[in-house]
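S.K.: Any chance you could fold what I've pasted below:
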Amino acid sequence: MKRILVTSAIAALVAAQTASLQASAHNHDNIITRLVGVTVGVPFGTTMGLLRGGVSKAIEVSHTTSDTLGGGLVGTVIGLPVGFGLGLTTGAVTGTVKGAIDGLTIGYDHPLSSDSLSISGDFTSYEPYSILQ
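M.R.: Now for the predicted structure:
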């Protein structure tokens with residue numbers, strides 16, 4: 001009887017220690033994965049945010065500016081380049097910040113996801129101004 005109790009106690013201690021080691025290894029892998037997600041997500045998300053934000057807002061603002069000036073030849077000649085430059089500048093700046101923030105926050109929570117890398121959706125459907133809300 002004594003041997004059964006001692007053997008059971010040893011088995012319970014080994015099982016508890018094994019479970020503890022597995023949980024520790026799982027947390028260690030999780031931290032490494034999250035750090036890799038942030039390390040890759042921030043530079044890649046920043047670059048993609050800059051490109052996608054600049055292009056999407058350049059297109060949007062150039063059309064809006066042209067329409068605001070009444071369309072036609074004069075509105076198009078003045079509105080397209082002015083709007084394109086303004087949209088490209090503001091979209092690139094806010095896209096850079098949004099891409100970096102997404103790479104950091106989403107890259108930590110969901111490592112290497114399309115949202116953390118700022119590549120989800122259509123190229124021109126990127127909304128860099130959402131960080132201002």
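
S.K.: How many residues are close by H63?
M.R.: 17 (other CB atoms under 10 Å). Placement of C-beta: from N, CA and C, glycine included.

S.K.: after the helix or strand T65 falls within comes which helix or strand?
M.R.: Secondary structure from DSSP states H and E places T65 in helix 2-68. Proceeding N to C from helix 2-68, the next assigned helix or strand is helix 72-109, under DSSP H and E.

S.K.: average pLDDT for that next one?
M.R.: Averaged across helix 72-109, pLDDT comes to 92.

S.K.: That one: how far from the chain's middle?
M.R.: 17 Å (CA atoms, centre = their mean, to the nearest Å).

S.K.: I'd like to know which elements that helix is packed against.
M.R.: Identification of packing neighbours for helix 72-109 by 3 or more CB pairs under 8 Å, 6 or more residues apart in numbering; DSSP states H and E yields helix 2-68.

S.K.: And for V74, the neighbour number?
M.R.: 11.

S.K.: Also G49?
M.R.: Taking other CB under 10 Å as the criterion, the count of residues near G49 is 28.
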